[in-house]
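Asks: this one's sequence-less:
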């Protein structure tokens, strides 16, 4: 992160609602695009429900300002043996989400059904939860973010979600 970005980000983190402060800083042009992936990843993964402090529309605006990214960055071995950054998929991707029925059209998805089911089980105590799948167009995928000790979250623009299919019910721990 640039020195200027670090200064802005320190203020964002000390704000009452960091997601809102990040959104305001992006709208005001105070954040360089190159600093956004690290800032977004830090704020997004800090909370189990990041859209509580900022609407999905606000988050989509922030993600779109950054452009597609992977954080932390991953390199992929190319046919010639060189390394290149992992890019946005070029074909539709099947993703999974564990959630209550009313929260199935949200931004966080997983590429592995087992991870989606594990995350969905956390919310099963609020009521019925299920494992869902959807095939997502490449331009709907905003970012891949690593959640410490939990795997990778695939962040999508919910406006591009269609044909979400329920695979099975998820039962919470202790039910």
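Replies: Good, I have the coordinates. Worth saying up front: this structure is predicted, and the values here are computed from it rather than measured. Residues are numbered from 1 along each chain as shown.
Asks: tell me the domain ranges of this structure?
Replies: Structural domains assigned to the chain are 3-67, 93-170, following automatic domain parsing.
Asks: now these as a markdown table including mean pLDDT and mean neighbour count?
Replies: C-beta: built from backbone N, CA, C; applies to glycine. Compiled in a markdown table, the domains of the chain are given as follows (pLDDT from 0 to 100; neighbours: other C-beta atoms under 10 Å):
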| stretch | mean pLDDT | mean neighbour count |
| --- | --- | --- |
| domain 3-67 | 89 | 17 |
| domain 93-170 | 89 | 18 |
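Asks: ok, which of these comes nearest residue 77?
Replies: The minimum distance between residue 77 and the domains of the chain falls on domain 93-170, with 17.3 Å, by C-beta to C-beta.
Asks: tell me how far the closest one lies from the chain's centre.
Replies: With C-alpha atoms, centre = their mean, to the nearest Å as the basis, domain 93-170 stands 10 Å off its chain's centre.
Asks: show the contacting residues for the most centrally placed residue in the chain.
Replies: What sits nearest the mean C-alpha location of the chain, by C-alpha atoms, centre = their mean, is residue 155, with 3.1 Å. Contact partners of residue 155, counting by C-beta atoms under 8 Å, 6 or more residues apart in numbering, are 44, 63, 107-109, 141-145.
Asks: I'd like the domains of the chain written out as a markdown table, with distance to residue 77 added.
Replies: Putting the domains of the chain into a markdown table (distance: least, C-beta to C-beta, whole Å) gives the following:
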| stretch | distance to residue 77 |
| --- | --- |
| domain 3-67 | 22 |
| domain 93-170 | 17 |
